[in-house]
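**Q** please work out how this folds:
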Amino acid sequence: MTPLRIVLYASDIVAMLGCSEASAYRLIRKIRREKGKPAKSQVSVSEFCEFTFLKYEEVLFALNRGKASLDVTVIRRDQLRAVSVK
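**A** Just a heads-up that it's a prediction; the model follows:
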C-alpha cells in the first residue's frame, strides 16, 4: 500500500484549487507566516486545511488521487491523548 501524503507542494494546490502557480506559492508563504515557520519548511495537509477551511479528508483524498478510501480514520493532533505505557 502506498503511504498517504502529508505534505503539500505548490503543484498540489494548483491542481486542487485551480489557481496559478504564483498564487499557490503565495498561499504557502501566508500559511508559513501565520504558523511562524521558517521560509524553507514544509506545509502539512492539516495546516493547509486549517488555513483554507477545507475538509481534511477531502484534501487527503484529492492528494492521494483516490488511492485511499474516505473511510480511513483520521486522527488529528488535537484529538490525541496521552497514553501511559507500563
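**Q** would you map the helices across this protein?
**A** Listed in chain order, the helices of the chain (DSSP state H) span 10-17, 21-35, 45-52, 56-63.
**Q** now do the buried residues in the lowest-mean-pLDDT helix or strand in the chain.
**A** None of the helices or strands of the chain scores lower by mean pLDDT, DSSP states H and E than helix 56-63, at a mean of 87. By 16 or more other CB atoms under 10 Å, the buried positions in helix 56-63 come out as 57, 59, 60, 61, 63. C-beta coordinates here come from the backbone N, C-alpha and C atoms, glycine included.
**Q** related to what we said a few turns ago, out of the helices of the chain, which gets nearest to residue 4?
**A** helix 56-63 (6.3 Å; CB to CB).
**Q** for residue 20, which non-adjacent residue is spatially closest?
**A** Among residues not flanking residue 20 along the chain, residue 14 sits closest, at 7.1 Å (CB to CB, 6 or more residues apart in numbering).
**Q** hmm, residue 25 and that neighbour touching each other?
**A** No. Contact between residue 14 and residue 25 fails when scored by CB atoms under 8 Å: they sit 9.6 Å apart.
**Q** okay, now the unreliable bits of the protein?
**A** Scanning the chain for pLDDT under 70 picks out 1-3, 66-86.
**Q** from residue 31, how far off is the residue most central in space within the chain?
**A** In the chain, the residue lying closest to the centroid (CA atoms, centre = their mean) is residue 45, at 0.7 Å. Using CB to CB, to the nearest Å, we find residue 45 at a distance of 11 Å from residue 31.
**Q** now swap in residue 24 and tell me
**A** 11 Å.
**Q** equivalent analysis for residue 4, please.
**A** Counting by CB to CB - residue 4 and residue 31 are separated by 20 Å.
**Q** contact partners for residue 37?
**A** 31, 43 (CB atoms under 8 Å, 6 or more residues apart in numbering).
**Q** same check on the one 4 residues further on?
**A** Applying CB under 8 Å, 6+ apart to residue 41 gives the contacts residue 32.
**Q** use 52 as the first number from now on
**A** From this message on, residue numbering opens at 52, which makes the last subject residue 92.
**Q** burial count for the residue nearest to residue 71?
**A** Neighbours of residue 65 under the rule other CB atoms under 10 Å: 16.
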